[in-house]
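**Q** What follows is a protein structure lacking sequence information:
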């Protein structure tokens, strides 16, 4: 594993920077889970109508860096590509996130369903 990827191993959050059509970056601290079989792949979940999802539809280029829950950086920025997933890969991402965040993710999912919010899973590939 490279140093670039090693910085994410113990991180609970990463800053996901997506880009507006004007090129201006928007940074959002998010939960993420790594794919053990492909350490350069991370999964992030979001509400389907969130700004970051809309920006990724327009431009899949993103940057990520480990951070705390407020977005304060704890590592170096890395270029990546993001895309919205569905089907089996959606389920895989949700399961990885549940494993990493446990009861907090389960409670969040419960309230998301209760409020009828549609969830989306993003696949972020570094490199």
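**A** Sure thing, it's come through. For clarity, every value in this text was computed on a predicted model and none was experimentally measured.
**Q** Any figure for the gap between the closest residue to residue 55 other than its chain neighbours and residue 61?
**A** Spatially, and ignoring its direct neighbours in sequence, residue 55 is nearest to residue 18 (3.9 Å; C-beta to C-beta, 6 or more residues apart in numbering). For glycine as for every other residue, the C-beta is placed from the backbone atoms N, C-alpha and C. In this view, residue 18 and residue 61 are 9 Å apart by C-beta to C-beta, to the nearest Å.
**Q** the more surrounded of the two?
**A** Ranked by neighbour count (other C-beta atoms under 10 Å), residue 18 and residue 61 place residue 18 first, with 24 against 13.
**Q** any idea how far that one lies from residue 26?
**A** 5 Å.
**Q** What pairs with the lengthiest strand in the chain, parallel or antiparallel?
**A** Ranked by residue count and defined by DSSP state E, the top strand of the chain is strand 38-47. Neighbouring strands of strand 38-47 in its sheet, by DSSP bridges, are strand 33-35 (antiparallel), strand 119-126 (antiparallel).
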